[in-house]
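>>> give me the fold of what follows.
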Amino acid sequence: MKTIVTQIRQKRLMALVLFLLVGMTSVFAQKQVNVSGRITDELNEPMIGVSVLEKGTTNGVITDLDGNFTLTVPNKNAVLVISFIGYLTQEITVGNQTHFNVLLKEDAQNLDEVIVIGYGTAKKSDLTGAVTRADMGALEKQPFPQPSEGRDQQHIHTACARSCREGDRKSVV
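Below you'll find the model as predicted:
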């Protein structure tokens with residue numbers, strides 16, 4: 001008789017422990033949050049390819065053609081880092097919000113440091129050659145039949161071939 005009572009007490013104790021373990025995991029496990037939003041520039045135009053990352057992780061997405069994004073974060077304490085080259089980076093805490101309309105502002109200071117090279121870009125400090133800047137105001141005032149003529153006069157060390165025919169030995173810099 002005592003063994004039956006002992007077995008029942010053990011089963012009740014095991015059930016209680018199991019109940020507490022299951023209950024405690026739901027208390028400590030925080031609910032994931034789906035956040036979405038739209039990112040625009042100062043002209044209210046959608047921004048394509050903007051990086052939206054959860055701070056301190058690799059969890060992130062980029063915006064689509066309409067500037068929209070959707071991201072799942074582990075909890076409402078997550079911080080979104082929104083960045084795009086030439087614009088100021090923003091950090092937003094999720095909190096109780098699930099939809100964000102973000103306005104990115106241009107960062108004119110960093111735009112000065114970007115050099116456009118053919119199909120890519122590089123920072124001014126990473127280049128090992130000469131860098132020059134054309135004064136577009138002076139070019140607009142001059143009556144040049146060909147835009148390349150104005151460019152040639154702006155930059156002394158630039159040689160441009162105006163016509164390239166087979167057999168010509170002109171160098172293009």
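>>> can you list the buried residues in the lengthiest helix in the chain?
The helix that spans the most residues within the chain, counting by DSSP state H, is helix 2-28. For helix 2-28, the neighbour count (16 or more other Cβ atoms under 10 Å) marks no residue as buried. All C-beta spots, glycine's among them, are computed from the backbone N, C-alpha and C.
>>> the helix or strand hosting F69 packs against which elements?
Assigned by DSSP states H and E, F69 belongs to strand 68-73. Packing contacts for strand 68-73, counted by 3 or more Cβ pairs under 8 Å, 6 or more residues apart in numbering; DSSP states H and E, involve strand 33-40, strand 51-54, strand 60-62.
>>> note down every partner strand of the last one and its orientation.
Right, the one you point to is strand 60-62. Strand 60-62 pairs in its sheet with strand 51-54 (antiparallel), by DSSP bridges.
>>> just the CA atoms of the strand it pairs with, as CSV, please.
Only the C-alpha atoms of strand 51-54 are listed here, as CSV (Å, rounded to 0.1, in the frame of the first residue of the first chain):
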residue,chain,number,x,y,z
SER,A,51,20.2,47.6,-46.2
VAL,A,52,18.0,46.9,-43.2
LEU,A,53,19.9,44.8,-40.5
GLU,A,54,19.2,43.8,-37.0
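>>> any idea of the mean pLDDT in it?
What strand 51-54 shows for mean pLDDT is 95.
>>> many thanks, I have nothing further to ask.
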